[in-house]
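Chemist: from the sequence below, what's the structure:
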Amino acid sequence: MNRKQAGIILTLLALIVCTGVLATRVNNQIKESMGEVPTAFGENDDNATETSSNYFYESRNLREQKDSKTIDNLKAIVEDKNTSAEQKEEAEKELTEKTMARDYETRIELSIKSKGYEDVICFIDGDNAKVVVKTNEELTQEKMVEIQDIVMNVSKVYDVDIEKK
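Modeler: Numbering: from 1, shown residues only. Coordinates of the predicted model:
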């Protein structure tokens, strides 16, 4: 084993450890937040608004970090001389899909925000899309159809899950 291979192995081990630590932290946050009692509708709770804002901020940051790591790993596979042509082709395909998904997510978020929503985050995973909107109003069937249409027109994804925060 040469130095380059040892470096790659150590880097991958470090990424695995970081992923484990991050997963533990994320799972603990979920468990802690599940213990909170939601406020009744109609109550004006500044804490709920702050939590909602934090949700969008943290979700965007986590998505960016995850996407960046994935893209960096795929680029490393493509650029590695020891990678087979088949693996390079598969990595290039995944890289293209990930890049397109990021573009679609951004376009969907901007389109939905332009409809008057305070904040929006979109997650596209293959043939599924999850859209979380921040609004004080109730999501009517008409508004949900409008959001679904935006997602379908931009990304051609038909399985859309819509949540209100």
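Chemist: can you give me the helices in the chain?
Modeler: Listed in chain order, the helices found in the chain under DSSP state H are 3-34, 46-79, 85-113, 141-155.
Chemist: where does pLDDT dip in this structure?
Modeler: 22, 26-53 (pLDDT under 70).
Chemist: how about the residue most central in space within it: what's its closest non-neighbour residue?
Modeler: Nearest residue to the geometric centre of the chain (C-alpha atoms, centre = their mean): Arg63, 3.9 Å. Leaving out its chain neighbours, the residue that sits closest to Arg63 by C-beta to C-beta, 6 or more residues apart in numbering is Phe123, at 6.9 Å. Placement of C-beta: from N, CA and C, glycine included.
Chemist: could you report the neighbour count for that neighbour?
Modeler: Phe123 has 15 neighbours, counted by other C-beta atoms under 10 Å.
Chemist: residues contacting Val157?
Modeler: Tyr104, Ile124, Asp127, Asn128, Ala129, Val151 (C-beta atoms under 8 Å, 6 or more residues apart in numbering).
Chemist: isn't Lys115 right up against Met144?
Modeler: No - assessed by C-beta atoms under 8 Å, Lys115 is found out of contact with Met144, at 11.9 Å.
Chemist: who's more crowded, those two?
Modeler: More neighbours surround Met144 than the other of Lys115 and Met144, with 15 against 12 (other C-beta under 10 Å).
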